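Participant: requesting a structural model of the entry that follows:
(2 chains)
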Amino acid sequence: DAEITQSPRHKITETGRQVTLACHQTWNHNNMFWYRQDLGHGLRLIHYSYGVHDTNKGEVSDGYSVSRSNTEDLPLTLESAASSQTSVYFCASSELRGDEKLFFGSGTQLSVL
Amino acid sequence: AQSVTQLGSHVSVSEGALVLLRCNYSSSVPPYLFWYVQYPNQGLQLLLKYTTGATLVKGINGFEAEFKKSETSFHLTKPSAHMSDAAEYFCAVSGTGTALIFGKGTTLSVSS
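Facilitator: Below you'll find the predicted structure:
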């Protein structure tokens, strides 16, 4: 069965370190998204991609970057981790733009100490 | 720009009671509207969506929502709550070519 996989499930890091969260989908979807979930804020869009070599900034993109070199993967990089980036991160993918049902991964719990 | 406002961060109902979760949206283009559910320690799952056509949308697990353009609302309802409905619910909006924007979520508690 097709799926979307995030790794690692849990990560602890120190402030200032570079961290990369992986997202891999086997749906062959063109569209991929990264959200962060924080209490009281719901899900906020970080970055998204509508195809290979396409990336776009979301609501809270500062301090994060993504690159899309193939259809299956959209890794999220925290250039210099900050405590404010402690959160649960969700990757999602979709087939269509706009009228889009998102398929979500199980999330990565990141703690920045 | 698009946004959604979910009224009430926490809703509590008794088993068998009506569930009503409120969502209002703001959109400069014809909106696509969604409700997602998140069970503990899981990702989000689609409950239902409105794109075009019939304004009353039926979803999974007995939930439905009505798109009311005049009120810019898309409230989620279920006639009779079940214990298994306890979860967090998110309303979301997108437009043609725009990414999905979520509300802050409403936690539904169901008591026996």
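
Participant: now whichever residue of chain B sits closest to chain A: closest residue in space, sequence neighbours ignored.
Facilitator: Nearest residue of chain B to chain A: residue B:43, at 3.3 Å (CB to the nearest CB). Using the backbone N, CA and C atoms, a C-beta is placed for each residue, glycine as well. In this structure, residue B:43 finds its nearest non-sequential neighbour in residue A:104, 3.3 Å apart by CB to CB, 6 or more residues apart in numbering or on different chains.

Participant: touching, that neighbour and residue A:91? I think so.
Facilitator: Yes - between residue A:104 and residue A:91 a contact is recorded at 7.3 Å, counting by CB atoms under 8 Å.

Participant: quick one, phi psi at residue B:82?
Facilitator: The phi/psi pair for residue B:82 (degrees, to the nearest 10) reads phi -120, psi 150.

Participant: quick one: it and residue B:110 touch, right?
Facilitator: Yes - counting by CB under 8 Å, residue B:82 touches residue B:110, with 6.8 Å between them.

Participant: common neighbours of those two, please.
Facilitator: Counting by CB atoms under 8 Å, 6 or more residues apart in numbering or on different chains, the contacts common to residue B:82 and residue B:110 are residue B:15.

Participant: compare the two and say which is more crowded by neighbours.
Facilitator: residue B:110 (19 against 13; other CB atoms under 10 Å in any protein chain shown).

Participant: bridge partners for that one, pull those for me.
Facilitator: Note on residue B:110: beta-bridge partners by DSSP bridges are residue B:13.

Participant: which residues does it contact?
Facilitator: Counted by CB under 8 Å, 6+ apart, residue B:110 has contacts B:12, B:13, B:14, B:15, B:81, B:82, B:83, B:85, B:86.

Participant: helix, strand, or coil at the nearest residue to residue A:53 once chain neighbours are set aside?
Facilitator: Counting by CB to CB, 6+ apart, residue A:53 lies nearest to residue A:68, which is 6.1 Å off, once chain neighbours are set aside. Three-state assignment for residue A:68 (DSSP: H, G, I helix; E, B strand; the rest coil): coil.

Participant: tell me the contacts of residue A:68?
Facilitator: A:32, A:49, A:51, A:52, A:53, A:54, A:55, A:74.
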